[in-house]
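Colleague: got a predicted model here, sequence first, then my questions.
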Amino acid sequence: AFLENVINNPDFVTGDITTRFIDTTPSLFHFPKRRDRATRLLRFIADVTVNGNPEVAGRPKPPAHAHKPVVPMTLHADPEPGTKQILDEKGPEGFRDWMLAQKRVLITDTTMRDGHQSLLATRMRTHDMVTVAEAYSQRLPQLFSLECWGGATFDVAMRFLKEDPWDRLIDLREKVPNILLQMLLRASNAVGYTNYPDNAVQYFVEKAADAGMDVFRVFDSLNWADNMKVAMDAVLKTDRLCEAAICYTGDLFDKDRPKYDLDYYVALGRELKSHGAHILGIKDMAGLCRPAQIRVLVKALKDETGLPIHYHTHDTSGIAAATVLAACEAGADAVDAAMDSFSGLTSQPNLGSIVTALNDGDRPTGLDPATIRSFSDYWEAVRVHYTAFEPDLRAGASEVYLHEMPGGQFTNLKEQARALGLAERWHEVARMYAEVNKLFGDIVKVTPSSKVVGDMALYMVSSGITPEAVSDPNTDIAFPDSVVAMLRGDLGQPPGGWPADIQKKALKGEAPILDRPGKHLAPVDFAEERAKAQKAAQRHVGDFELASHIMYPKVFSDFAAFRRDYGRLDVLPTPVFFYGMKPGEEIAVDIDRGKTLAIRMMTVGEADEKGEREVFFDLNGQPRVIRVADKA
Ligand code: 3PY
Ligand code: ZN
């Protein structure tokens, strides 16, 4: 088929080809499909129905009352113009000034990114987001932004949800043309866990902007502004909004920890402004900032930089909403919250309640609490379908002030501890996490530095290693690889550098790097990488997918293979994706604009002598039979 395509291609026929012919002519790879989309989808449904989805194996099931989430009513009128139009009209600097001129507090809804990342192990599927997206554009055009992309969502989408994160962004953009879309970008770590070459970071940012991203919240896991510059410059080139975030750690007022005092944050804020930030984010990823601290911090950063301030926190402590309200009183321009049913605990504080409280004061948000509730009801019904990923967490905990774990890491680490047989010793792990932070010289802990601290804490608790043993130059320690890499300087430099003694011990004579890790990484050769990606995927790979391959080559090729077998799975309702269908159940699946499949599951046959079962469907009124191997 490939040769046939080549021979019949008009450019080939006329001789108008270059050596880049294959790269630039994706249609060569459009072979007559062996299986049509409907069949591939039926194969997936049949397989999950017979064998289950390994992602939820052995996990709690949704309760019987789980039902289809009801999308808040919309009129399908043209949506009102919102923040997206203001950015398009005024450009990023004009937008910055517009933000500063607003009296109202601007609200970011984090439900589609940090909300589920922090509560449901990042498992929310594109289907549940895109289904409600148009309603957002119609009913909530007053929102500042939807945080809906980046952070851990990028790899989890491919790895576990078998969907393309770029499809998510492109579809949300199409359905929400009026509200800013926001992402979390880990500076040189992009959406990964390690530094990437500079041109890989630049490419990623450029593609995200092409796909519709508006606000890039850029942070560095050690608050190292030098290491944020590459990503920030890339954002500035796109003419979208560069929100440079300062990660908040420790306690602004603790005289015994003077490293992270007000002068530190103000100096960092100034530096980020000098790098071109349009907005200054305060990224309180563990939710450590209390009302007294935030008042001082917001005021100082605003006075000293003149930039709009956007405050982000987590409710692990149980009192984050108080801090958000204090931030607003102190002059924060925008704040983050999660829809009520995705709020609290390690997620963001409650959007509906914060809006209601702010509307009592002199900076009302312009948002209507009743409308918010109808969206929260939708998300509440969505959440029930993800029962398998609900954390074992019932109450806020002031213990967060001791361990300082980010909200997005907390349940993850707890799960890892359980897997190591340390479930009963969780509080010990939490205390050890604090000890490891001290051993590393008191650092900012946020992806990926937080993961390194977690690795070390788990290693020490599970192997019975004390902090004293780690410090003792005469006791040999088998440091986890991630720890060695971080102390070598692979993630960059913390303020004041790494403590020399532990660094020396971990590196065993190897010389650390002291400058930007990106300087030591060879630039990506895009043509070469595209060829590799195409080989792995066995088809043409476009620019978005190339960016996925550059971030996560193995995850991408596994995903591409899955996609080859089953097609786009984000079209399926969540219960079907995780649990398959029951006999008699019928679903309508939109596989394309105006193309809907009516799928009814009829019955599942007995396993034959080869261990295969026939699964009977009715597809748009026609009987279809799919054979699947029963793996039980
Ligand atoms: C991430 O990097 O994914 C985070 O949420 C950090 O807070
Ligand atoms: Zn967060």
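Modeller: Yep, that arrived. Ligands and ions are numbered 1, 2, ... in the order given.

Colleague: gap between the residue of the chain found nearest ligand 1 and residue 115?
Modeller: As assessed by C-beta to the nearest ligand atom, ligand 1 sits closest to residue 151 within the chain, at 2.9 Å. C-beta here means a position set from N, CA and C on the backbone, and glycine is covered the same way. Going from residue 151 to residue 115 by C-beta to C-beta, to the nearest Å gives 11 Å.

Colleague: more crowded one of those two?
Modeller: Remark: of residue 151 and residue 115, residue 115 carries more neighbours, 25 against 21, as counted by other C-beta atoms under 10 Å.

Colleague: show me the contacts for the more buried one.
Modeller: Applying C-beta atoms under 8 Å, 6 or more residues apart in numbering, we find residue 115 in contact with 338, 339, 342, 343, 347, 348.

Colleague: filter the residues you listed by proximity to ligand 2?
Modeller: Restricting the contacts of residue 115 to those touching ligand 2 (C-beta under 5 Å from the ion) yields no residues.

Colleague: neighbour-wise, give me the winner out of the residues you listed.
Modeller: Neighbour tally across the contacts of residue 115 (other C-beta under 10 Å): the maximum, 33 neighbours, falls on residue 348.

Colleague: does it count as helix, strand or coil?
Modeller: Residue 348 carries the three-state label coil when classified by DSSP: H, G, I helix; E, B strand; the rest coil.

Colleague: contacts only, for it.
Modeller: Taking C-beta under 8 Å, 6+ apart, we find residue 348 in contact with 110, 114, 115, 118, 312, 313, 314, 315, 320, 336, 337, 338.

Colleague: swap in 6 Å and give it another go.
Modeller: Applying C-beta atoms under 6 Å, 6 or more residues apart in numbering, one finds that residue 348 lies in contact with 110, 336, 337, 338.

Colleague: go on, residue 308?
Modeller: Contacts for residue 308 were tallied using C-beta under 6 Å, 6+ apart; they are 99, 100, 279, 333.

Colleague: and residue 299, by the same measure?
Modeller: Residues near residue 299 by C-beta under 6 Å, 6+ apart: residue 330.

Colleague: likewise for residue 172?
Modeller: If you count contacts by C-beta under 6 Å, 6+ apart, residue 172 has them with 133, 148.

Colleague: mind running it again at 8 Å?
Modeller: 112, 129, 130, 133, 146, 148, 149, 181, 212.

Colleague: looking at the residues you listed, which are in strands?
Modeller: Members of the contacts of residue 172 lying in strands (criterion: DSSP state E): 146, 148, 149, 181.

Colleague: what would those look like in JSON lines with neighbour count?
Modeller: Formatted as JSON lines, those follow (neighbours: other C-beta atoms under 10 Å):
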{"residue": "146", "neighbour count": "26"}
{"residue": "148", "neighbour count": "27"}
{"residue": "149", "neighbour count": "27"}
{"residue": "181", "neighbour count": "23"}
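
Colleague: about what we covered before: report the two of the contacts of residue 348 separated the most.
Modeller: Spanning the widest gap among these are 336 and 338, at 7.8 Å by C-beta to C-beta.

Colleague: common neighbours of those two, please.
Modeller: 110, 114, 348.

Colleague: nearest to ligand 2, of the residues you listed?
Modeller: Closest approach to ligand 2 among those (C-beta to the ion): residue 114, at 4.3 Å.

Colleague: please enumerate residues in contact with stretch 412-430?
Modeller: 121, 391-393, 399, 402-403, 405, 433, 454, 457-458, 461-462.

Colleague: show the end-to-end separation of it, please.
Modeller: Length of stretch 412-430, first residue to last, C-alpha to C-alpha, to the nearest Å: 13 Å.

Colleague: next one: stretch 62-78
Modeller: Stretch 62-78: ends 36 Å apart by C-alpha to C-alpha.

Colleague: stretch 247-256 now?
Modeller: Chord length of stretch 247-256, first to last residue, is 19 Å (C-alpha to C-alpha).

Colleague: now the longest strand seen in the chain: buried residues?
Modeller: What stands out as the longest strand in the chain, according to DSSP E, is strand 595-604. For strand 595-604, burial by neighbour count (16 or more other C-beta atoms under 10 Å) applies to 597, 599, 600, 601, 602, 604.

Colleague: how about the contacts made by the closest residue in space to the last one that isn't next to it in sequence?
Modeller: The one in question is residue 604. Among residues not flanking residue 604 along the chain, residue 615 sits closest, at 5.2 Å (C-beta to C-beta, 6 or more residues apart in numbering). For residue 615, the contact set (C-beta under 8 Å, 6+ apart) comprises 42, 45-46, 49-50, 601, 603-605, 625-628.

Colleague: longest helix of this structure?
Modeller: helix 83-101 (DSSP state H).

Colleague: tell me the residues of the stretch 301-450 of the chain that contact ligand 1?
Modeller: Contacts of the stretch 301-450 of the chain with ligand 1, taken as C-beta under 6 Å from any ligand atom, map to 406, 408, 446, 447.

Colleague: between the residues you listed, which is closest to residue 382?
Modeller: residue 408 (19.2 Å).

Colleague: who are the contact partners of the residue of the chain closest to ligand 1?
Modeller: 113, 114, 117, 122, 183, 184, 186, 191, 408, 447.
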